[in-house]
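1. sequence first, predicted model second:
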Amino acid sequence: MTEVDCPPKPLECYLIQAHQPVILKLPSGNHKFVKVVPGEYCNLGKFGKFQNDDIIGRPFGLTFEIIDRGHARPAKAQTLDAVEETTATNREIFDNPAAQQLSHEEIEQLKKSSLAGDVTHEELIGKVVENNLSFEQKTEFSKAKYIERKKKKFGKKFTVVEPTLHNVCNLYFSKNPMKIRDLRVDTLSQVVTSANLNAYSKILVVDDTQGLVLSAALSRISPLGNVIAVHESDSVSYDVLKHMNFPESIMERLHLISWSRVSRDCAELVSYERRVKAYRRTKATQELLWGGNLDGIIIASHYDPVSILDELVPYIGGSRPIVVYSPDKETLLAAAAQLKVKPDYLNPQITESWMREYQVLPGRTHPTMTMSAGGGYLLTAGRRLHIGRVGVIQLGVGLEHLISGEL
Amino acid sequence: MPFFRFKDTIEEGDLVIVYINRDNMTSITVDREKTYNNRYGLFTHKDMIGKRYGTMMSSSNGKGFIHLLFPTPELWSLVVPHRTQILYQPDISYISSYLDLKPGKKMIESGTGSGSFSHSIARSLAPNGHLYSFEFHEKRFETAKAEFEQHGISDMVTIQHRDVCKLGFGLENEVDAVFLDLPAPWEAIPSARTAFRQNLVGKLCSFSPCIEQVQRTCEALSDNGFTDICMFEVLVRNHDIPPKQGTKVNGTAKPSKSDAPSLALRRLTQEEMNYQLVTKTPEECRGHTSYLTFATFIPDLSD
């Protein structure tokens, strides 16, 4: 394949474009999906609003600051500030709601002025700090922490984050993990490598994670690859795709097929006049699937993995990867035990993912106090080929090893 | 033929992963004059030619067998001759995800080490991306260079023998991502800054085993204007399925060592397999590989 088949990405793809889905990182540290519609305002609630045109054409990853009258301008992103340790301790600090000298009303008034742009958020935070009686008694570490908390509350800086697979997965995982079947980003990243996803992959995906696994496949192929997605017979719900901003040249490589059309014994397709296009598409997908020799299969489904594999594994080429994700170990355990005695699989293995994030502030490096308790499990195996009589006889020898767990 | 692009049938000159069992694999380059042998017997390369990847092959005396597998970067990392400590799959996966590696992107890797990550990166960036790899150890540089050529990825991997801590990367306004696996990564950070495409946001990862290295790296990253500095540890744990399972004690047949049916010698029935399947963790597992420090390069905004 030549370079012409796969042109380099134009520069604009790395810039924020009109009508594009993006992720905003808010002053509170939370993330949200928004669409950049030109001419419209983006409302961030208590943090204010800004006009979308202010961010269009800028590179992803920039931090902006909301300024007066609903505008945003690029701002300096936060850096790591060193904290000098002093002799202060918290020995004299007691829970005292009266420590803050400003009344609730006064703070509300300040917040209003800040939203209107009359007071900068630095001034606002400065006032709140100034009027906190116990602030000076705090250790330098806890002063820094206090200011950090106030920034999260009253800050005006937001960052436009590119909706990469990594970022989209993290956002779903923190907001609505049920939707993506608790598939954590480290586990998803292992799905991508275990499946050897690359520009040329012709990969089969059974995805009940709202399209997250499908997005993983699509983000790694080029216009030279193909992704076949097997979905529920009555509906397709790949919500994640709409946040991913895949170009048309990639979306053309996605082939959808419902379970009712997968089997070679399924009812012959009828070409209705009004649905010629749909008929052709399904027919082409069936041919791609039945043509076999696919480059691997990824399953993240609530159906029994073995029942899926029994149906689809004949279409997978030799030595290609088989990757099954499950939020629970038991499903994979039952599946792995069965795969071990089937002739189509080599070396089924179950792994559990573990990940820990650290705070890395100068002089204050430690693991974060709470962490995700689990990232799910993966079952991986290789596609083993066994052809003809000789193969079967040889297999008789192999099975002993397979069952005794030597393989 | 690129190393990672699947093919079906084994030909003369192909790289094949010989799978004996999950803890025992090796790689061979098919040469019809040669024979591969292990304690299970002899396997002539000539007989491998024409076989499909993923098939089993019996030894010439019929007593043992191997499987012939296609060399993916993942399998390669299991057989690569270790010239240095190599990166493991969970780290490779997480870094590739965080740096958003995909077709067309350009990246720096330093040092090359045993080239295990290089193969994985090349696979992710192909066909139109590029990897600039740097190794300061001359022998390792030569071995890796030869390997990239043998594996058909040298047109998209440029490897240089260079001490990047002293001399920098020699690249300007070129890459989307930088990966540092160096004893003193902070020395290379100013040069990494110059190597990023200056009008776009870029991502950097530094891979260090010690927390003191992480702290110095973070300081240097911050001093050089990098933002979103964060750090992770990623590991996996295997859950093995012990082979003996589902045996019940009942009144009539008290199992004893001598007359209990050997489960290893027959196929388990469905019922047995469904009966209280259990997993067991290995006695030991990897407890620490390295800390993964990430940071974001931000374009200069003084426009």
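-> Done, it's in.
2. nearest residue to the residue of chain A at minimum distance from chain B other than its sequence neighbours?
-> Closest to chain B within chain A is residue A:318: 2.5 Å, counting by Cβ to the nearest Cβ. For every residue, glycine as well, the C-beta is placed using N, CA and C. Distance criterion Cβ to Cβ, 6 or more residues apart in numbering or on different chains; nearest residue to residue A:318, sequence neighbours excluded, is residue B:54 at 2.5 Å.
3. list the residues that contact that neighbour.
-> Shown in contact with residue B:54 (Cβ atoms under 8 Å, 6 or more residues apart in numbering or on different chains): A:317-320, A:346, A:382-385, B:67-70.
4. for it, grab phi and psi.
-> phi 100, psi 0 (degrees, to the nearest 10).
5. how far off centre is stretch A:34-43?
-> With Cα atoms, centre = their mean, to the nearest Å as the basis, stretch A:34-43 stands 23 Å off its chain's centre.
6. residue A:296 versus the residue nearest to residue A:318, what's the distance?
-> Between residue B:54 and residue A:296 the computed distance is 12 Å (Cβ to Cβ, to the nearest Å).
7. what residues are shared contacts of those two?
-> Residues touching both residue B:54 and residue A:296 (Cβ under 8 Å, 6+ apart) are A:320, A:383.
8. isn't residue A:52 right up against residue A:43?
-> No. Between residue A:52 and residue A:43 there is no contact under Cβ atoms under 8 Å: 10.8 Å.
9. compare the two (neighbour count), which wins?
-> Higher neighbour count among residue A:52 and residue A:43: residue A:52, with 20 against 11, using other Cβ atoms under 10 Å in any protein chain shown.
10. next up, the contacts around that one.
-> Residues in contact with residue A:52, defined by Cβ under 8 Å, 6+ apart, are A:18, A:36-42.
11. buried ones among these?
-> A:36, A:42 (16 or more other Cβ atoms under 10 Å in any protein chain shown).
12. looking at the contacts of residue A:52, which are in helices?
-> Among those, no residue falls in helices (DSSP state H).
13. which of the contacts of residue A:52 sit farthest apart?
-> A:18 and A:41 (14.5 Å; Cβ to Cβ).
14. give me the below-cutoff pLDDT ranges for the stretch 151-300 of chain B.
-> B:244-275 (pLDDT under 70).
15. got the residue ranges for the strands in it?
-> Assigned by DSSP state E, counting those that start in this stretch, the stretch 151-300 of chain B shows strands spanning B:157-161, B:177-180, B:202-208, B:227-239, B:291-297.
16. so which of those strands is the most packed in?
-> The highest average neighbour count among the strands of the stretch 151-300 of chain B, using mean count of other Cβ atoms under 10 Å in any protein chain shown, belongs to strand B:177-180 at a mean of 27.
17. is it in proximity to chain A?
-> No. Contact between strand B:177-180 and chain A is absent, the nearest approach being 11.7 Å (criterion: Cβ under 8 Å from any Cβ of the partner chain).
18. just the C-alpha atoms of that strand, please, in CSV.
-> Only the C-alpha atoms of strand B:177-180 are listed here, as CSV (Å, rounded to 0.1, in the frame of the first residue of the first chain):
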residue,chain,number,x,y,z
ALA,B,177,4.6,12.4,21.1
VAL,B,178,7.7,11.7,23.1
PHE,B,179,8.6,8.6,25.2
LEU,B,180,11.6,8.7,27.5
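19. close to chain A: what parts of the stretch 51-200 of chain B are there?
-> Residues of the stretch 51-200 of chain B lying near chain A (Cβ under 8 Å from any Cβ): B:52-56, B:58, B:65, B:67-70, B:72-74, B:89-90, B:92-94, B:96-98, B:100, B:102-104, B:120, B:123-124, B:126-128, B:199-200.
20. and if we set it to 7 Å?
-> Residues of the stretch 51-200 of chain B lying near chain A by Cβ under 7 Å from any Cβ of the partner chain: B:52-56, B:58, B:65, B:67, B:69-70, B:72, B:74, B:89-90, B:92-94, B:96-98, B:100, B:102-104, B:120, B:123-124, B:126-128, B:199-200.
21. quick check: ChimeraX command selecting the buried ones in these.
-> Under the burial definition 16+ other Cβ under 10 Å, those of these that qualify are selected in ChimeraX by:
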select /B:52,53,54,55,56,58,65,67,69,70,72,74,89,90,92,93,94,96,97,98,100,102,103,104,120,123,124,126,127,128,200
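22. please name the nearest non-neighbouring residue to the residue nearest in space to the middle of chain A.
-> Centroid-nearest residue in chain A: residue A:169, 1.3 Å away (criterion: Cα atoms, centre = their mean). Among residues not flanking residue A:169 along the chain, residue A:185 sits closest, at 4.4 Å (Cβ to Cβ, 6+ apart).
23. repeat for residue B:143
-> With sequence-adjacent residues excluded and distances taken as Cβ to Cβ, 6+ apart, residue B:143 is closest to residue B:83, at 6.4 Å.
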